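Q: any chance you can model this:
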Amino acid sequence: MSSPWTVRPETPADIETVRRITLDAFGNPGEAELVDALRTDPGWLPGLSHVAETPEGEVVAHALLTRCRVGDAPAVALAPC
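A: Numbering: from 1, shown residues only. Now for the predicted structure:
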């Protein structure tokens, strides 16, 4: 079954929309500030912040993966969750 949404990498033009989506989803600025901070963090993985668009092109969802460590092991974290 195909999805009516299109998933694509975030672009600079999406940043404000991603912030609004995150604020709406979490109800406080903490998660939105985390996403903003991660964009400048060394753990940022270019191309692994994605948005979903409706068939009309409206960005309605966001998810990203960033580098992290679990103990001594490298890993990736899905955020915001």
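
Q: could you report the neighbour count for Ser49?
A: Ser49 sits with 22 neighbouring residues when counted by other Cβ atoms under 10 Å. Heads up, the C-betas are built off the backbone N, CA and C, glycines and all.

Q: tell me if I am right that it is in a strand.
A: Yes. Counting by DSSP: H, G, I helix; E, B strand; the rest coil, one finds Ser49 located in a strand.

Q: that one touches Pro9, doesn't it?
A: Yes. Using Cβ atoms under 8 Å, Ser49 makes contact with Pro9 at a distance of 6.8 Å.

Q: so where's this protein uncertain?
A: By pLDDT under 70, the weakly predicted segments of the chain are 1-2.

Q: helices of this structure, start to end?
A: 15-26, 29-38 (DSSP state H).

Q: turn those into a markdown table, including distance to Ser3.
A: Conversion of the helices of the chain to a markdown table gives the following (distance: least, Cβ to Cβ, whole Å):
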| stretch | distance to Ser3 |
| --- | --- |
| helix 15-26 | 17 |
| helix 29-38 | 23 |
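
Q: show me what contacts Asp36?
A: With Cβ atoms under 8 Å, 6 or more residues apart in numbering as the criterion, the residues that contact Asp36 are Ile15, Arg19.
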